[in-house]
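Visitor: based on what follows, work out the 3D shape:
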Amino acid sequence: MLPWKRLLRPLAAVLLAAAATFTVPTTAAASASASAPSSGWNDYDCKPSAAHPRPVVLVHGTFANSVDNWLALAPYLKHRGYCVFSLDYGRLPGVPFFHALGPIDKSAEQLSAYVDKVLAATGAAEADLVGHSQGGMMPRYYLKFLGGAAKVNALVGIAPNNHGTTLAGLTHLLPYFPGAEDLLTAATPALAQQIVGSDFMTRLNAGGDTVPGVRYTVIATRYDEVVTPYQSQFLTGTGVRNVLIQDLCPLDLSEHALLGLTDRIAFHEVVNALDPAHATPTTCASAIG
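Guide: Residues are numbered from 1 along each chain as shown. So this is what the prediction gives:
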């Protein structure tokens with residue numbers, strides 16, 4: 001085999017991993033995240049108010065962490081009177097800062113334990129979950145298989161990978177590089193599990209997308225370049241609201257990462273999903289609200 005051909009197999013895996021970087025913090029931001037204050041969230045003395053009776057648990061995306069993913073949304077919610085918490089999950093040994101790479105079913109177990117911790121601290125009976133990318137999909141495993149539906153009122157997914165992704169067609173290249181998918185599975189299980197048609201995705205969506213008793217909201221962008229096609233993010237079932245952000249503001253050009261990191265129009269929709277009884281119209285002007 002020619003040397004360049006031997007390089008293609010690991011290169012394919014590396015390219016797929018890079019393309020699957022759902023939320024990529026910069027090196028500087030990642031280095032700061034270990035010591036960065038959480039700007040008022042993760043306050044275990046916070047008690048939910050009558051207006052906002054449930055704590056909000058933020059679930060970061062692939063390659064992200066509990067600080068960097070939420071530097072904008074967590075203060076946005078805290079300022080509006082919510083008790084806000086965030087966790088790290090899916091850590092791999094020897095890999096700092098960049099999380100959500102481990103097996104997704106094990107990550108769901110970590111979420112389960114964290115929700116229990118938050119409920120015990122706040123005294124609330126239920127929590128609301130808000131997740132970006134993998135963080136908007138992984139909680140569905142918790143709801144469906146780990147008893148989470150009894151402890152969760154609502155799940156809000158921002159650009160969630162609900163039915164697997166083709167990464168704009170890149171996953172169709174895997175069969176041409178023998179061993180690439182095996183390398184992905186061994187090195188970063190969560191990436192392989194999020195490919196369309198994976199065993200994990202098949203099991204997660206078998207028998208329907210939703211479970212009774214939980215409200216689901218999906219917020220997507222037509223410019224998503226990671227979870228493709230973007231329509232695959234939407235859920236079907238009772239208690240579901242699917243939102244395409246460009247239907248609310250055609251000028252919104254946010255792609256996958258920015259939708260969860262900085263998009264205040266999406267943030268406004270998150271608040272509407274958390275408190276539908278007091279929802280207000282989301283428009284382009286919501287960006288400055």
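
Visitor: show me the contacts for Cys284.
Guide: Each residue near Cys284 by C-beta atoms under 8 Å, 6 or more residues apart in numbering is listed here: Leu248, Cys249, Pro250, Leu251, Asp252, Ile265. Where you see a C-beta, it was placed from the backbone N, CA and C, and this is true even at glycine.

Visitor: export these to CSV and tack on distance to Asp224?
Guide: Supplementary listing: the contacts of Cys284 in CSV, determined by distance: C-beta to C-beta, whole Å:
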residue, distance to Asp224
Leu248, 16
Cys249, 16
Pro250, 16
Leu251, 17
Asp252, 12
Ile265, 15
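
Visitor: any idea how far Gly61 is from Thr228?
Guide: Distance, Gly61 to Thr228, by C-beta to C-beta, to the nearest Å: 15 Å.

Visitor: meant to ask about His60, not that
Guide: 21 Å.

Visitor: and what of Asp68?
Guide: Relative to Thr228, and taking C-beta to C-beta, Asp68 is found at 24 Å.

Visitor: coming back round to it: His60 and Thr228: which has the busier surroundings?
Guide: His60 (29 against 20; other C-beta atoms under 10 Å).

Visitor: let me see the contact set for the more buried one.
Guide: His60 is in contact with 23, 66, 68-70, 86, 88-89, 99-100, 131-132, 135, counting by C-beta under 8 Å, 6+ apart.

Visitor: closest to Leu244 among those residues?
Guide: His132 (16.5 Å; C-beta to C-beta).

Visitor: skip the chain neighbours and tell me the closest residue to the closest one.
Guide: Gly260 (3.4 Å; C-beta to C-beta, 6 or more residues apart in numbering).

Visitor: can you pull out the strands in the stretch 151-289 of the chain?
Guide: Along the stretch 151-289 of the chain, the segments classed as strands by DSSP state E, counting those that start in this stretch run 152-158, 215-220, 240-244.

Visitor: highest neighbour count among the contacts of Cys284?
Guide: Ile265 (24 neighbours).
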